[in-house]
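**Q** Need a 3D model of the following:
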Amino acid sequence: MSTLADGAGSAASWGPGFLAGVFFTPKSDAVTWQVGGQIQDKRAEIGDFTWRTLRLEFPAMLRVNFRGDRRYRFHLLAGGSVGMRLESSLRTEDGIGDLSSVSPLFEYSAVFGGGLDIGRMSVGVRVHQGLNTTHIVIDNLDTRSRSIAVVFGYRIE
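**A** Next up is the predicted model:
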């Protein structure tokens, strides 16, 4: 789920999207790092309009593992992400308008999250908060993207 937010909170309704990708964690120590590559589709409803952007993102995060030697392991993540715009559009009842000329090519985000590893399976939640503006102005305020993702994973050894 994603939205556009201004400094006062959410400026648009949440919209469904998707996130798919791969990540690499070098070891299961208590404190380690995690990097990845992913495609993220972000959407938001603004009145009668639907904003959508598709980005290729590269997150790099610090990972803290709890109970690392057990079958059930909890982890927390914090870091940043750089995303490159692949597509940006605004859908209206009259059609779809391309926003690539006004949408920034790169988006920088803070990423926070956590999850649970059960054997080779993993489930978690991640929050992405855009740090630079989208150049979409709502009520005279520039907006930033914000998304919440539920992620499922399978570890390959």
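**Q** mind listing what residue 23 touches?
**A** 34-38, 59, 153 (Cβ atoms under 8 Å, 6 or more residues apart in numbering). Quick note: C-beta positions are derived from backbone N, CA and C, even for glycine.
**Q** ok, these vs residue 115, which is closest?
**A** Distance to residue 115, by Cβ to Cβ, is smallest for residue 153 among the contacts of residue 23, at 8.3 Å.
**Q** For the closest one, give its distance to residue 108.
**A** 24 Å (Cβ to Cβ, to the nearest Å).
**Q** could you pull out the strands for this protein?
**A** 2-6, 9-10, 13-14, 18-24, 31-46, 49-66, 72-92, 95-98, 106-118, 121-130, 137-138, 141-142, 144-154 (DSSP state E).
**Q** and those strands, which one's lowest on average pLDDT?
**A** Among the strands of the chain, strand 9-10 has the lowest mean pLDDT, at a mean of 66.
**Q** roughly how far is stretch 144-157 from the heart of the chain?
**A** For stretch 144-157, the separation from the chain centroid amounts to 8 Å (computed by Cα atoms, centre = their mean, to the nearest Å).
**Q** Many thanks, I have nothing further to ask.
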